Structure formats: structure tokens, C-alpha cells
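Kindly return the folded structure for what I paste below:
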Amino acid sequence: MQDDATRADELSADSLWTTQGGGASPVVGTAIHDGHAVRPDLLHRMRISEDGRLREEDPFTGTMIRDLQNRIVFHRSRFEIDLNRARDGAVYLRPEQAWGIEVWREQPSPAMVAESLAIHDAYYAMLETYLREIEERHGRFVVLDIHSYNHRRAGPDKDPTDPEAAPDINIGTHSMDRERWAPVVDAFLDVARNFDFPGRRLDVRENVAFEGRGEQTRFIHERFAENGCALAVEFKKVFMDEWTGMPDPRAIAALRALVKASVPALERALREVS
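You can find the predicted model right below:
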């Protein structure tokens, strides 16, 4: 049996993810649901269509972190392996794991599931090594765990989710020591709320649509309890049509600029953490 580090190197070389590191900033961006690719042996067994997969993925989130010096983008679809689920639920085998969607025409074999879970293991081995290097270089660091979410689930011609329950940006902080990392959270909230999104200010709230209960933020706060702060940032899909997949380039560019603009504020806030 190969160790995790060796397996991670092999899988990374197979372009499962792209990493950029070594920057002078302690801010890291991740886009772990950006990917759309599925390996052929699984694709042939899937009932869900390509459009259906895309609807539940987070396209363009990799673009939104492109200006960060430190970033990780995952290239496989969450329908192959969901890195933001705990290992025992990271492969969607039942509809209740996937918003009621029948993912499979034919269930994947145990060997296929094991191969997907090996990707999960390898990713988290890589992530820990990557963040240890950031920690050694900078001490404390911030991870912006960028996602997006649907707000027109009832259908393209139906009313969207009530904005009271669906802010433009939802910041999830469940797994962190919220009091200790308050300067960091508040700094990002302040930048986002004051950002000049095309023609308006954004509705930015904490733990409304989501609470940041994903596996990646949990992992970071467990493994880097003293020095790592991970913000689960969910952008409502105001930057695309979630049913057709059509992007709004202007809105995507604006959200990319927002992420970039948050970096100086986050760097200052890290110095305020006691």
C-alpha cells in the first residue's frame, strides 16, 4: 500500500487539481467544486445529465480566486467525489445525498468507489502539506473556501428563493472559534458589504443559507487550530443562469475583484488576532 504523500503526488500529476503557492500573502483561495470532469468508467454509469451536473457544481469559482497568489482549484466534478463531504459520504450513492437527484443508472462498483475515495484521501494529504508550508512561511493564514449556490431550484420560470433566506454572499463560520477569529471574519464582511457590485451593494450575511459545515473548513480548523482560519464563502448564483449555465462575465469579474480586494484587509486582520 502506498502512503498518502506518494498517492497524492501521483494523482496531482494526473491533473486532478491545480495549485499555486509560494506567494508573499498568507491568504489562500480554494475552489473545490469548480470541476466538471468525470472519469469515463463512472460517466458511463451516470443517469444525471451533463447539464444536471453543472447545475449543482460551482462553475467560475476558480476564476474568482485567480488573482490570489496562493490557490487550489479542483478539476473533477463533485458527482465523482465531493471533497467538501466527510469521507464516508463523499461519493453520492443515494438520492438523499444529492438533493434528491438519481445520480446513477448503474451503481458504481466497490472498486470504483474506492478509487474515488483515494482521490479524497490524496487531496487532504496534499492540502495539509500545502497549508503547513503556508504556516511555516507566515504563521497564521486565512483560507477563502469559495463556493456558489442555487436560488432558483423550483425551476427557471418559478420565483427564486426568498432573499431573506438567500443573501448574495453567505459566510459560514460554524467550525471556527468565532470569537478568536472575529477580526478576520469581520474584515471580510466589511469589504464585501462595501464593495461596489455593478450598480448596487451586495447583501452579505453570516450563517443564513449555509453555516460552513463542510469538510474542508472543519479539517482546517481541526488540523490548524492555532493558526488557520477558513471562511466558507458562498456566492449566490447571481453571476450566471443556473439553468442554462450561461455566465454573466461582468458579474464574474466583479466577484473576482471583490476577492482580490479582500486580501489587504484580511492580512491586517490576521495581525489583530490574539
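
just the helices in this structure please.
When secondary structure is read from DSSP state H, the chain shows helices at 4-13, 40-43, 50-56, 61-64, 110-138, 182-194, 215-223, 249-272.

and the ones you listed as CSV, adding distance to Leu231 and mean pLDDT?
C-beta: built from backbone N, CA, C; applies to glycine. Converted to CSV, those look like this (distance: least, C-beta to C-beta, whole Å; pLDDT from 0 to 100):
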stretch, distance to Leu231, mean pLDDT
helix 4-13, 25, 42
helix 40-43, 31, 97
helix 50-56, 22, 96
helix 61-64, 14, 98
helix 110-138, 14, 98
helix 182-194, 6, 98
helix 215-223, 8, 98
helix 249-272, 9, 98
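
out of the ones you listed, nearest to Val238?
helix 249-272 (6.0 Å; C-beta to C-beta).

about what we covered before: which of the helices of the chain is buried the deepest?
For the helices of the chain, the largest average neighbour count (mean count of other C-beta atoms under 10 Å) is found in helix 61-64, namely a mean of 25.

which residues does Ile171 form a beta bridge with?
Glu206, Val233 (DSSP bridges).

from now on call the first residue 34
Sure, I'll start numbering at 34, so the last one becomes Ile204.

measure it to Ile179 for me?
Counting by C-beta to C-beta, to the nearest Å, the separation of Ile204 from Ile179 is 11 Å.

shared neighbours of the two, which are they?
Residues touching both Ile204 and Ile179 comprise Val266, with contact defined as C-beta atoms under 8 Å, 6 or more residues apart in numbering.

outside of stretch 212-227, which residues touch it?
175, 177, 202, 204, 206, 209, 211, 234-235, 237, 239, 262, 264, 266, 291, 294-295, 298-299, 301-303, 305-307.

what residues are up against Ala64?
91, 94-95, 97-98, 104-107, 179.

Out of the helices of the chain, which is closest to Pro128?
Going by C-beta to C-beta, the one of the helices of the chain nearest Pro128 is helix 83-89, 12.5 Å.

What is the closest one packed up against?
Packing partners of helix 83-89 (3 or more C-beta pairs under 8 Å, 6 or more residues apart in numbering; DSSP states H and E): none among the helices and strands.

Contacts for it, please.
69, 71, 110-112, 131-132, 134, 183, 275-276, 278.

closest to His254 among those?
Among these, and counting by C-beta to C-beta, the member closest to His254 is Arg111, at 21.4 Å.

Just give the nearest non-adjacent residue to the closest one, would you?
In this structure, Arg111 finds its nearest non-sequential neighbour in His66, 5.2 Å apart by C-beta to C-beta, 6 or more residues apart in numbering.

May I see the helices of the chain arranged in JSON lines, with distance to Gln53 as well?
As requested, those are arranged in JSON lines below (distance: least, C-beta to C-beta, whole Å):
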{"stretch": "helix 37-46", "distance to Gln53": "13"}
{"stretch": "helix 73-76", "distance to Gln53": "28"}
{"stretch": "helix 83-89", "distance to Gln53": "25"}
{"stretch": "helix 94-97", "distance to Gln53": "11"}
{"stretch": "helix 143-171", "distance to Gln53": "10"}
{"stretch": "helix 215-227", "distance to Gln53": "21"}
{"stretch": "helix 248-256", "distance to Gln53": "17"}
{"stretch": "helix 282-305", "distance to Gln53": "14"}
